[in-house]
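In: Quick one, structure for this:
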Amino acid sequence: MFQRSRVTGFCGILSHAAAVLLPSHLQYLSLTVLDDNHYEFLVLVLNLIPDRQPRLTHLWLHVKRRVALTMMRPLPAVQNLNLTLNCTNETEVDWACEAVQSLQPVDNHKGYSFLKFPGATENIAVCRQLLNGLANRGIKVREGLEFTPPVSTVEKQSLKDLCKTQLGWQLDVMEEEDIWTIWWSRKLGST
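Out: The predicted structure follows:
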């Protein structure tokens, strides 16, 4: 499927069969992880990216459900790395923070470009716990965090101040559909 054309970007859910066929000239990859079973084979593909897709500069991983933390491995150290986790209630905060830490690339990588938490601002306590949990785990982020949905100006500013104070990062609270914009389409003009 991929080998007959010059595909430089892919966005979606990969089956095991399609995942092993990703072309070597791939530059942009946006993947959704459905569950433990899906992650189990996808992690093998992700680990091979430095060797099999050496031109890959943009990776966005969306983990939809709670994948077992024991399965998680550091992501490849690509130039632009985004991670999206669904975390909308207080029972998911520890898992989300540990997942971010487990997936963070190792060695001298500069960290994630963006961490995205759709639905997080439905509960401001979740946002505050996320910010504190990420700060306590030494997570590296170069550009910032993105939360949805929009909140009042006062709450938004309070979260931005906490993020800047605790982590030194920028925080944006946006519309739900904006967090799902393919980030490379937003960034291509500036990279």
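In: Name the next helix or strand following the longest helix anywhere in the chain along the chain.
Out: As assigned by DSSP state H, the longest helix anywhere in the chain is helix 36-52. Elements were assigned by DSSP states H and E; along the chain past helix 36-52, the next helix or strand is strand 58-63.
In: What is that following strand packed up against?
Out: Secondary-structure packing of strand 58-63 (3 or more CB pairs under 8 Å, 6 or more residues apart in numbering; DSSP states H and E): strand 28-33, helix 36-52, strand 80-85, helix 183-187. Where you see a C-beta, it was placed from the backbone N, CA and C, and this is true even at glycine.
In: Any regions of the protein where pLDDT drops low?
Out: 1-5, 182-191 (pLDDT under 70).
In: So which residue is dead centre in it?
Out: For the chain, the residue nearest the mean C-alpha position is residue 83 (0.4 Å; CA atoms, centre = their mean).
In: From what I see, that residue and residue 61 are in contact.
Out: Yes - Residue 83 lies in contact with residue 61 (CB atoms under 8 Å); the separation is 5.5 Å.
In: what residues do the two have in common as contacts?
Out: Common contacts of residue 83 and residue 61, defined by CB atoms under 8 Å, 6 or more residues apart in numbering, comprise 75, 103.
In: which of the helices and strands packed on strand 58-63 sits most buried?
Out: strand 80-85 (a mean of 23; mean count of other CB atoms under 10 Å).
In: Measure how far that strand is from the centre of its chain, please.
Out: Taking the mean of its C-alpha atoms, strand 80-85 sits 2 Å from the chain's own mean (CA atoms, centre = their mean, to the nearest Å).
In: Measure how that strand sits relative to strand 28-33, angle-wise.
Out: With axes from the mean of the first three to the mean of the last three CA atoms, to 10 degrees as the basis, strand 80-85 and strand 28-33 are set at 20 degrees to each other.
In: Can you tell me which helices and strands strand 80-85 packs against?
Out: strand 58-63, helix 93-103, strand 112-117, helix 183-187.
In: What strands flank the first one, and is each parallel or antiparallel?
Out: I take that to be strand 58-63. Sheet pairing here is set by DSSP bridges, and for strand 58-63 it gives strand 28-33 (parallel), strand 80-85 (parallel).
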